[in-house]
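In: Predicted model and sequence follow; I will ask about them next.
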Amino acid sequence: MKGAGIQGVTRGKGKKTTHSNPALPCPEDKVNREFNAPAPNILWVADFTYVRTAVGFVYVAFIIDVFARFIVGWQVSSSPNTKLVLDALDQALAARNPDRDRLTHHSDSGVQYLSIKYTERLEDAKIGASVGSVGDSYDNALAETINGLYKTEVIEHEGPWSGKKDVEMATLQWVYWYNTKRLFGPLGYISPATAERNFYNAELTAKIAAE
């Protein structure tokens, strides 16, 4: 990298976005920091982060499928409210149409994810809820990692930002690149989309062989 005149970007510390309410009912942690899944649509993790712009903060929510770290839903909003995370969830459900009895949704204990509307949406979709402990980022480490990549590769690298619209466009472009082009060591240096495609191809091959 030095010989090619390339310099890597580094991550920095940021603003706290998780605010808990002890009065809200909280599901148990069913993941216990084991961010692995045997197939797509078995475990999703959710989180959101913030972006500083010329007109104030905007907030970006992600839903990530753990199997191949594929971003299945995302949303940008000027407010860190329940609608932000609910819209990201609805996008993921529409895109994936998962076998919902098999799916677990894991998040931190932020009030947005424990809200009545979000809880009811998970129940209506027959998705099991899992929530990490208060104040411990390791309990949602994979989602935190994706947030960190996003902030490093887009927000801190391409800013400054004028407002919600340009953040939304940059996020759209990054999510497409991330899912289809970005290579991950834990996946064998292939993209999330390739990892999922390989899984389904292997599943189809095994099914044909068994017939």
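Out: Arrived safely, thanks for sending.

In: Mind listing what's buried along the lengthiest helix in the chain?
Out: Longest helix of the chain, by residue count under DSSP state H: helix 192-210. Within helix 192-210, the residues scored as buried using 16 or more other Cβ atoms under 10 Å are 192-196. Using the backbone N, CA and C atoms, a C-beta is placed for each residue, glycine as well.

In: what does stretch 160-169 give?
Out: Applying a neighbour-count criterion of 16+ other Cβ under 10 Å, one finds 161, 164, 166-168 buried in stretch 160-169.

In: centre of the chain versus it, how much separation?
Out: Stretch 160-169 has its C-alpha centroid displaced from the chain centroid by 19 Å (Cα atoms, centre = their mean, to the nearest Å).

In: try stretch 113-129
Out: 17 Å.

In: Could you do stretch 183-193 as well?
Out: Using Cα atoms, centre = their mean, the offset of stretch 183-193 from its chain centre is 16 Å.

In: Mean confidence (pLDDT) on it, please.
Out: The pLDDT scores in stretch 183-193 average 96.

In: for stretch 87-95, same thing?
Out: pLDDT averaged over stretch 87-95 gives 97.

In: how far is that stretch from where the chain is centred?
Out: 12 Å.

In: change the start of the numbering to 45 and stick with it
Out: Yep, numbering from 45; the last one is stretch 131-139 now.

In: Now that stretch: buried residues?
Out: 131-133, 135-137.

In: With stretch 143-157 instead?
Out: Applying a neighbour-count criterion of 16+ other Cβ under 10 Å, one finds 144, 147-157 buried in stretch 143-157.

In: again with stretch 212-226
Out: For stretch 212-226, by 16+ other Cβ under 10 Å, it's 212, 214-215, 218-219, 222-223, 226.

In: what's in contact with that stretch?
Out: By Cβ atoms under 8 Å, 6 or more residues apart in numbering, the residues outside stretch 212-226 that reach it are 104, 114-115, 118, 120, 193-194, 197-199, 202, 205, 235-237.

In: Most neighbours among those residues, which one?
Out: Val104 (27 neighbours; other Cβ atoms under 10 Å).

In: got the contact list for that residue?
Out: Applying Cβ under 8 Å, 6+ apart, the residues near Val104 are 92-95, 118-120, 194, 211, 215.

In: Quick one: mark the members of those that sit in strands.
Out: Among the contacts of Val104, the members falling in strands (DSSP state E) are 92-95, 118-120.

In: Show me which pair in those residues is furthest apart.
Out: Tyr94 and Trp118 (14.1 Å; Cβ to Cβ).

In: ok so, going back, ok, and what's touching the longest helix of the chain?
Out: 83-84, 109, 111-115, 222-224, 226, 228, 231-232, 234.

In: Using PDB, write out every CA atom in it.
Out: Extracted C-alpha coordinates of helix 236-254, given in PDB (Å, rounded to 0.1, in the frame of the first residue of the first chain):
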ATOM      1  CA  PRO A 236     -21.700 -11.500   1.000                       C
ATOM      2  CA  ALA A 237     -23.700 -11.900  -2.200                       C
ATOM      3  CA  THR A 238     -21.300 -14.500  -3.500                       C
ATOM      4  CA  ALA A 239     -21.300 -16.400  -0.100                       C
ATOM      5  CA  GLU A 240     -25.100 -16.600  -0.200                       C
ATOM      6  CA  ARG A 241     -25.100 -17.700  -3.900                       C
ATOM      7  CA  ASN A 242     -22.600 -20.400  -3.100                       C
ATOM      8  CA  PHE A 243     -24.700 -21.600  -0.300                       C
ATOM      9  CA  TYR A 244     -27.900 -21.900  -2.400                       C
ATOM     10  CA  ASN A 245     -26.000 -23.500  -5.300                       C
ATOM     11  CA  ALA A 246     -24.600 -26.200  -2.900                       C
ATOM     12  CA  GLU A 247     -28.000 -26.700  -1.500                       C
ATOM     13  CA  LEU A 248     -29.500 -27.200  -4.900                       C
ATOM     14  CA  THR A 249     -26.700 -29.600  -6.000                       C
ATOM     15  CA  ALA A 250     -27.300 -31.700  -2.900                       C
ATOM     16  CA  LYS A 251     -31.000 -31.800  -3.500                       C
ATOM     17  CA  ILE A 252     -30.500 -32.900  -7.100                       C
ATOM     18  CA  ALA A 253     -28.000 -35.600  -6.100                       C
ATOM     19  CA  ALA A 254     -30.500 -37.000  -3.500                       C
END
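
In: All set now, cheers.
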